[in-house]
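# need a 3D model of the sequence below.
(2 chains)
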Amino acid sequence: MDSELILRDVYFGYDSQWCLKGINFELKKGEIVGIIGPNGSGKSTLLKIMDGLLKIQKGEIFLCNKSLSRHRRSDIARRIAMVPQEETFRFSFLVSEVVLMGRFSHLGLFPFEGKEDLEIANQSMRLTGTLNLATRSIHELSGGEKQRVLIARALTQRAQIILLDEPTSFLDIRHKAEIFELISYLTLTQGLSVIIVSHDISLAAQYCHRMLLLNKGDVYKIGEPAEVITADNISRVYQCPVLVDNNPITKTPRITILSKRKRRKKEKA
Amino acid sequence: MKGNEEQIHTTRKRERYRQGITPLKVLYTGLILTGMLVFIALISLSVGPAKISLKDILAWLIGYQSIDQTSWMILFKIRLPRIILAGLVGFTLSLGGVVFQALLRNPLAEPFILGISSGAAVGAIIGIFFGYGFTFGVPLLSFMGALFTVLLVMSISSRHGGLESSTLLLTGVIINAFFTAVIMFFVTTTSDSRLHSMLFWLYGDLSQSKYVQLSISLPFILIVSGVIYLFSRHLNLIVGGEESALQMGVEVELLKWISFLGISLIIGIAVSFSGIIGFVGLIVPHLMRMILGSDHRMLIPASSLGGAVFLIAADTLARTIISPSELPVGVITAFLGAPFFIYLLKSRGSQWTQS
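Numbering: from 1, shown residues only, chains lettered A, B, ... in the order given. So this is what the prediction gives:
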């Protein structure tokens, strides 16, 4: 069985108002899945219930053929790592210290890291290109650097599944591209499975094997980027007129937002 | 420009020392601080209205010279228990400061500022008012007062998942105002003869120390600080947020409950023996963090021992500065602590309040 994480008819909500309604999903080994959808459609919530951070009300989630709720927190941490959108450290930690925090679930009662842990942290920093930042304080880093450090920490967890919650939302285009390149490289070389929530639909379409379009807590469409990202689907779910064509180089779908005023002018002419 | 480069160079050097906490580094730091503790204790032993020089004490310690009966009484019946109590209380308050700063993700958190010390004091005063004994009843009520306040603070903070500085300070101010009113109520309704000692006690009074108190508090303090130390890595992770700690495998709820119970217990005991002593849990952890970094595996032992050193020094000052009469030690810590607090708030406040 090569499904890593299975969601069966999952419901989640507060006060009998469902944020997620009957989600079915399987994450396969080695794939990158992009979750897209408008604000408030439940993307981050979906990611959090996959990691067991929020408890579902109905349905079932299986991680390694065992119900997620029956895993201990440290067991989940060894299998799933999450990269948050942003993380604020109120006290100054060094980058190397932050990355080593990823070893938490692998250590026993003795509260110090061994040689092997340092080696793994070093390797994660090398993979993410953060080794030269190791002795800097986390507070001194730019948004892109910080995000790479958080990814390094997730790698240090040595989990098979990595969940990323809008990792690129505060980054410029170069750093956005770098993050996606890194994720794609890691899935290829480390055999990881990745789920990434993103607002960069065109960019995600270039890297994701499958995409999941959420609409008000429902899966509107799931499949290959070309099946999901159609002008019809996107315009309807986002309630915003878009043009979808193919990127001439990668042949993946890309979207262009159509501004209303210019469109009107053209119609008049 | 050159000065700048030099500065960068020295910061790098300091960071290299901080990089990677090993058991050996913690041990060395612990030994250095224990050395300081012994040193300050010896100084404090030799200071007081009765002149007993440090040389005489050292000579007696190595068996070179005997010591007369009165000096022996002063040293071991009056000064030593007071020094040990100061050490234990400083240890506890500083440990409490570190743990609350991590759990609330706010560097201004401290048992006194949060109102936990006042909560414990209310418990203790109720105990004294109803005539419970100082060995068991009063510390127990004091613990309950502390725990109640901790739960109150946490319930306010939990909604936001971390406490903004302004919310934290307002919460503390309100809690302190309320408890001060309760304390004043009990103090004014009690008989006059006990009034003076109670008021003194409110500002931190270590003069009533007895060995029996020390033997009650020591095992609790040792057990609680040992347990907290096992959770030092958990505290590191919780600084990045509860959700991220949970994600990395920390049983956040368990950690919080163990910390609340443990810290309330030892702060309750400390307050019932020493009264309200503020700012120790603010000054010492910050100094240690500046020197040694934020890793709790280093920070917890360093701050606890540093707190002991600090309070012994402050108490020595308190009992000698206007000799032959004495100041409450809380006056000294507030004199030092309040300006330090304002400095922290002004220089780093904005950085800490950002979310």
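# check which element follows the longest helix anywhere in chain A along the chain.
Counting by DSSP state H, the longest helix found in chain A is helix A:173-190. Once the chain leaves helix A:173-190, the next helix or strand it forms, by DSSP states H and E, is strand A:193-197.
# now do that next one, average pLDDT.
Averaging pLDDT along strand A:193-197 yields 96.
# sheet partners, orientation included, of it?
strand A:32-36 (parallel), strand A:161-165 (parallel) (DSSP bridges).
# and for the helix or strand just after that strand, what are the contacting residues?
Going down the chain from strand A:193-197, the next helix or strand is helix A:201-207, by DSSP H and E. For helix A:201-207, contacts defined as C-beta atoms under 8 Å, 6 or more residues apart in numbering or on different chains pick out A:32, A:34, A:36, A:168, A:176-177, A:180-181, A:183-184, A:196, A:198, A:211, A:225, A:229, A:234, A:247, A:250, A:252-255. C-betas here are computed from N, CA, C, even on glycine.
# next one: helix A:201-207 to chain centre, how far?
13 Å (C-alpha atoms, centre = their mean, to the nearest Å).
# please apply the same query to stretch B:315-323.
Remark: stretch B:315-323 is offset 19 Å from the chain centroid, using C-alpha atoms, centre = their mean.
# can you check stretch B:56-66 too?
33 Å.
# how about it: buried residues?
The neighbour-count check on stretch B:56-66 (16 or more other C-beta atoms under 10 Å in any protein chain shown) flags B:Asp56, B:Ile57, B:Trp60 as buried.
# now the end-to-end length of that stretch.
9 Å (C-alpha to C-alpha, to the nearest Å).
# for chain A, which residues are neighbours of chain B?
Residues of chain A lying close to chain B (C-beta under 8 Å from any C-beta of the partner chain) are A:48, A:51, A:53, A:73-74, A:76-78, A:81-82, A:84, A:87-94, A:96-98, A:101-102, A:104-105, A:107, A:109, A:111-112, A:118, A:134-137, A:139, A:157.
# from these, which land in strands?
Taking DSSP state E as the definition of strands, the residues of chain A next to chain B contribute A:Ala81, A:Met82.
# tell me where the model's unsure across chain A.
Counting by pLDDT under 70, chain A contains low-confidence ranges at A:1-2, A:262, A:269.
# can you show me the helices along it?
Under DSSP H, chain A gives helices at A:43-50, A:73-79, A:95-100, A:115-128, A:143-156, A:173-190, A:201-207, A:225-228, A:231-238, A:260-268.
# what's the closest of these to A:Ile61?
helix A:43-50 (6.9 Å; C-beta to C-beta).
# what's the burial count for the closest residue to B:Val227 other than its chain neighbours?
Closest residue in space to B:Val227, ignoring its immediate chain neighbours: B:Gly262 at 6.0 Å, by C-beta to C-beta, 6 or more residues apart in numbering or on different chains. B:Gly262 has 22 neighbours, counted by other C-beta atoms under 10 Å in any protein chain shown.
# tell me the SS of B:Gly262?
Recorded secondary structure, B:Gly262: helix (DSSP: H, G, I helix; E, B strand; the rest coil).
# okay, it and chain A: tell me how far apart.
16 Å (C-beta to the nearest C-beta, to the nearest Å).
# circling back to that earlier point, closest one of the buried residues of stretch B:56-66 to A:Val219?
B:Ile57 (78.2 Å).
# doesn't that closest one belong to a helix?
Yes: B:Ile57: assigned to a helix according to three-state DSSP.
# JSON lines for the helices of chain A, including mean neighbour count and distance to B:Ile258?
Formatted as JSON lines, the helices of chain A follow (neighbours: other C-beta atoms under 10 Å in any protein chain shown; distance: least, C-beta to C-beta, whole Å):
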{"stretch": "helix A:43-50", "mean neighbour count": "22", "distance to B:Ile258": "25"}
{"stretch": "helix A:73-79", "mean neighbour count": "20", "distance to B:Ile258": "15"}
{"stretch": "helix A:95-100", "mean neighbour count": "27", "distance to B:Ile258": "23"}
{"stretch": "helix A:115-128", "mean neighbour count": "17", "distance to B:Ile258": "25"}
{"stretch": "helix A:143-156", "mean neighbour count": "24", "distance to B:Ile258": "25"}
{"stretch": "helix A:173-190", "mean neighbour count": "16", "distance to B:Ile258": "36"}
{"stretch": "helix A:201-207", "mean neighbour count": "21", "distance to B:Ile258": "42"}
{"stretch": "helix A:225-228", "mean neighbour count": "18", "distance to B:Ile258": "46"}
{"stretch": "helix A:231-238", "mean neighbour count": "17", "distance to B:Ile258": "46"}
{"stretch": "helix A:260-268", "mean neighbour count": "9", "distance to B:Ile258": "57"}
